[in-house]
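Undergrad: Got a sequence here, can you build the structure:
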Amino acid sequence: MKKALLQLHIAVFLAGFTAILGKLIGLNEILLVWYRLLITVVTLAILLLFKNKLRRIPASEVIKIVAVGAIVAVHWVAFYGSVKYGNVSIAVVCISGAGFFTAILDPLISGRKMSAIEIALGAVAIAGIYIIFDFHPQFKLGILFGIISAILYSLFSIFNKKLVILHSPEILTLYELGGGFVILTIITPFYLRYFPAAYYLPTGNDWLWLFVLGWVCTVLCFDLQLKALKKLSAFTINLSYNLEPVYGIILAFIIFSENKALNINFYIGFGLILGAVLLQMWRVWYSRHKPIEV
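TA: Just a heads-up that it's a prediction; the model follows:
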């Protein structure tokens, strides 16, 4: 159990570190994600082939999986756009608003009843983002990218939870990221017309961080999460991933000194978001552990 918890928190830390890598890699956000997907898909395909786990999925399912893969690919583009046009702290704070969008979108898509408490907590998180937005106008474009990223992350979570029941997580990830890579290859030329890149081929430094991003923060992170899932519940996994923005902000403060560019309103906004996340964590935990009346 202790080993599984350690593996889980290493995975969460690595997930938080991806935003740092987005800052270290000089490529335009869509090219960054394109190279990340290329490295990850090729690596996963080789590993699954070597382990004799490569399997075909029916064509009818592939279309759904590719669509979800396209959502996660564009989510990554928006997330790294938030890093590029804002900063790491802004990007990871905005992604915390995903809970609000999930509370609204999940009932609309799945047909379940909306939860007033979830919407209220999500609204508190959005209020936190608004405070940051209002008092940091220099990060306006970065915040807009961050909000788009949060919406897409919500959609990915909603649609992916249906697919993961039907398919092996490893195969599903390969097909999703492979589909995302194909879709991104198609839309990249159009995207670059509106958000042109300074250069197109990675530098030596870019390649180093891209391989860290693809191998360590994607393939290894996914493997650690799968191993932890064998010993821990999905509830514990999801709960622990709420620490990802915290890790990201701490790293951004240490590595890039981003705290110097942020005023007190950032901390007020972040405090509201963190409070909403902690209350949601407590609410879910309490609902699972409250005593049964007899």
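Undergrad: thought Gly16 was touching Ser240?
TA: No - at 11.4 Å, Gly16 and Ser240 do not qualify as touching, with contact defined as C-beta atoms under 8 Å. Glycine gets a C-beta too; all of them are placed from N, C-alpha and C.
Undergrad: So which of the two has more stuff around it?
TA: Gly16 (23 against 18; other C-beta atoms under 10 Å).
Undergrad: Spit out the contact partners of that one.
TA: Contacts for Gly16 (C-beta atoms under 8 Å, 6 or more residues apart in numbering) come out as 92, 243-248, 251.
Undergrad: ok, then the element right after the helix or strand of the chain with the lowest mean pLDDT?
TA: Across the helices and strands of the chain, mean pLDDT, DSSP states H and E gives its lowest value to helix 234-240, namely a mean of 63. Downstream of helix 234-240, the next assigned helix or strand under DSSP states H and E is helix 244-256.
Undergrad: by contact count, what packs against that next one?
TA: helix 2-24, helix 88-95, helix 264-289 (3 or more C-beta pairs under 8 Å, 6 or more residues apart in numbering; DSSP states H and E).
Undergrad: Can you tell me the element Ile165 falls in?
TA: Per DSSP H and E, there is no helix or strand for Ile165.
Undergrad: For the stretch 51-200 of the chain, just list every one of the helices.
TA: Assigned by DSSP state H, counting those that start in this stretch, the helices in the stretch 51-200 of the chain fall at 59-85, 88-95, 98-110, 116-135, 140-163, 169-194.
Undergrad: overlap in contacts of Gly16 and Ser240?
TA: Contacts common to Gly16 and Ser240, judged by C-beta under 8 Å, 6+ apart, are absent.
Undergrad: re the thing from before, if we take the contacts of Gly16, which one ends up nearest to Asn52?
TA: Glu244 (32.9 Å; C-beta to C-beta).
Undergrad: contacting residues for that closest one?
TA: Contacts of Glu244 (C-beta under 8 Å, 6+ apart): 12, 15-16, 92, 95.
Undergrad: same deal with Ile249?
TA: 88-89, 92-93, 270.
Undergrad: What does the pLDDT read for His289?
TA: pLDDT for His289: 63.
Undergrad: ok so, going back, let's have the contacts of Ile249 in TSV, adding distance to Arg36.
TA: Output for the contacts of Ile249, formatted as TSV (distance: C-beta to C-beta, whole Å):
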residue	distance to Arg36
Val88	16
Ser89	21
Val92	17
Val93	22
Phe270	27
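Undergrad: Turn the contacts of Glu244 into TSV, columns for distance to Trp34 and pLDDT.
TA: Formatted as TSV, the contacts of Glu244 follow (distance: C-beta to C-beta, whole Å; pLDDT from 0 to 100):
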residue	distance to Trp34	pLDDT
Val12	26	86
Ala15	20	88
Gly16	22	89
Val92	22	89
Ile95	21	85
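Undergrad: can you list these in JSON lines and add distance to Ile63?
TA: Shown next, in JSON lines, are those (distance: C-beta to C-beta, whole Å):
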{"residue": "Val12", "distance to Ile63": "32"}
{"residue": "Ala15", "distance to Ile63": "28"}
{"residue": "Gly16", "distance to Ile63": "33"}
{"residue": "Val92", "distance to Ile63": "32"}
{"residue": "Ile95", "distance to Ile63": "28"}
